[in-house]
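Asker: Sequence first, predicted coordinates after that:
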Amino acid sequence: MAEAVLTDPMLPRRFRVAKAWDELGDVRSLELEPVDGAPIAFRPGQFNMLYAFGIGEVAISISNDAAEAGRLVHTIRSVGAVSDALTKLQPGQMLGLRGPFGSSWPVEQAKGRHAVFVAGGLGLAPLRPAILHVLNNRADYAGMTLIYGARSPGELLYAEEIAAWKSRFDTEVEVTVDHAQRGWTGRVGVVTTALGHALSGVDPGSVTAFLCGPEIMMRFTAAGLIEAGVAARDVHVSMERNMKCAIGFCGHCQYGPDFICRDGPVFSYDQVARRLTQKEI
């Protein structure tokens with residue numbers, strides 16, 4: 001039975017909630033540990049299928065550092081029956097997990113280049129493993145820039161961690177909100193308004209960009225990067241749509257000729273640019 005648990009992609013492994021904490025009003029993070037004790041390994045950008053027993057499964061990106069052996073962290077927004085059940089789990093309770101699945105952020109290929117991360121809202125969670133990889137191996141990269149946007153200051157994810165990143169002298173962090181609140185002294189506007197300042201003095205030919213957020217945000221951000229001289233093949237986006245089986249079998253996540261779960265969720269922008277502008281895809 002243990003062999004089947006490790007090899008059958010449709011058979012969930014049992015995981016225990018080791019820790020659980022609130023991030024925002026409707027967003028909660030779960031730290032998970034395998035009941036079977038088998039090794040955990042993933043690449044930045046990959047996702048797992050989390051199963052709330054008796055309710056169903058949902059695809060959730062992994063949000064912790066891939067170098068942290070023996071643990072998984074998932075940051076989950078409660079938006080439906082399954083995600084709501086998952087966010088209500090307490091330490092010691094169980095869930096099912098399949099994965100990891102999918103493609104990953106090209107952090108190794110980006111070595112020696114300037115890594116630019118642009119996140120919108122909860123899109124920071126799938127980018128976090130890649131951000132942590134670059135921060136932990138900062139000498140391998142020519143530069144690092146993070147642009148993060150949220151609807152309001154109260155909806156900024158990982159606020160304390162972002163403050164720590166901003167305090168580093170080897171990293172540039174720009175945070176912007178759509179709507180300011182009393183006491184907010186930072187930037188106001190969509191993430192594309194921060195691109196010019198963030199890329200000032202950076203050779204666009206040396207940039208590898210990582211984007212995650214609403215599709216319209218990624219489309220306009222990619223256009224801004226390309227207009228600045230970044231090659232479309234060096235812009236990477238994470239597409240997460242209707243994933244059900246995670247192995248390219250059910251067809252729910254078909255995106256033109258690709259299956260998001262099997263061929264993505266991370267794509268270079270030149271692979272998906274035309275489809276992002278077409279309705280009904």
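Answerer: Thanks, I have the structure now.

Asker: Determine the longest strand present in this structure.
Answerer: Scanning the chain for the strand with the most residues, using DSSP state E, yields strand 13-24.

Asker: partners of the helix or strand that comes right after it, with directions?
Answerer: Using DSSP states H and E, the helix or strand that directly follows strand 13-24 along the chain is strand 27-34. Strand 27-34 has its sheet partners listed here by DSSP bridges as strand 13-24 (antiparallel), strand 72-77 (antiparallel).

Asker: quick one: contacts for Glu174?
Answerer: Going by CB atoms under 8 Å, 6 or more residues apart in numbering, Glu174 touches Thr145, Leu146, Ile147, Tyr148, Arg187, Ala194, His197, Ala198. No exception for glycine: its C-beta is placed from N, CA and C like everyone else's.

Asker: Take those residues and write them to TSV, including pLDDT, neighbour count and distance to Gly25.
Answerer: Below are these laid out as TSV (pLDDT from 0 to 100; neighbours: other CB atoms under 10 Å; distance: CB to CB, whole Å):
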residue	pLDDT	neighbour count	distance to Gly25
Thr145	97	21	29
Leu146	97	24	24
Ile147	97	26	24
Tyr148	97	26	18
Arg187	91	16	23
Ala194	91	21	25
His197	86	12	31
Ala198	86	17	29
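
Asker: And those, which is closest to Met243?
Answerer: Tyr148 (24.5 Å; CB to CB).

Asker: Need the contact partners of the helix or strand hosting the closest one.
Answerer: According to DSSP H and E, Tyr148 maps onto strand 143-150. Contact with strand 143-150 is made by 114-121, 124, 131, 134-135, 138, 156-157, 162, 165, 170-178, 190-191, 194-195, 198-199, 202, 206, 213, 217, as judged by CB under 8 Å, 6+ apart.

Asker: Same question for stretch 179-198.
Answerer: 116, 118-120, 145, 147-149, 151-154, 172, 174-178, 213, 217, 220-221, 224-225, 228.

Asker: distance between that stretch and the chain's centre?
Answerer: 21 Å (CA atoms, centre = their mean, to the nearest Å).

Asker: Can you get me the start-to-end distance on it?
Answerer: By CA to CA, to the nearest Å, the extent of stretch 179-198 from end to end equals 21 Å.

Asker: Pull out the buried residues from that stretch.
Answerer: The neighbour-count check on stretch 179-198 (16 or more other CB atoms under 10 Å) flags Arg187, Val190, Val191, Thr192, Ala194, Leu195, Ala198 as buried.

Asker: pLDDT-wise, which helix or strand of the protein ranks last?
Answerer: Within the chain, no helix or strand scores below helix 2-7, which has a mean of 48 by mean pLDDT, DSSP states H and E.

Asker: which one of the buried residues of stretch 179-198 is nearest Ala67?
Answerer: Ala198 (26.3 Å).

Asker: Spatially nearest residue to the closest one, not counting backbone neighbours?
Answerer: Spatially, and ignoring its direct neighbours in sequence, Ala198 is nearest to Thr145 (4.9 Å; CB to CB, 6 or more residues apart in numbering).

Asker: what are the bridge partners for that neighbour, then?
Answerer: The partner list for Thr145 in beta bridges (DSSP bridges) reads Val116, Glu172.

Asker: Dump the C-alpha coordinates for the longest strand of the chain into PDB.
Answerer: Output in PDB follows, covering the C-alpha atoms of strand 13-24 (Å, rounded to 0.1, in the frame of the first residue of the first chain):
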ATOM      1  CA  ARG A  13      -1.600  10.900   0.700                       C
ATOM      2  CA  ARG A  14      -2.800  11.700   4.200                       C
ATOM      3  CA  PHE A  15      -1.300  14.900   5.600                       C
ATOM      4  CA  ARG A  16      -1.600  16.400   9.000                       C
ATOM      5  CA  VAL A  17      -2.000  20.100   9.700                       C
ATOM      6  CA  ALA A  18       1.000  21.000  11.800                       C
ATOM      7  CA  LYS A  19       0.300  24.700  12.100                       C
ATOM      8  CA  ALA A  20      -2.400  27.000  10.800                       C
ATOM      9  CA  TRP A  21      -2.600  30.800  10.900                       C
ATOM     10  CA  ASP A  22      -4.600  33.700   9.500                       C
ATOM     11  CA  GLU A  23      -3.000  35.800   6.800                       C
ATOM     12  CA  LEU A  24      -6.100  38.000   6.000                       C
END
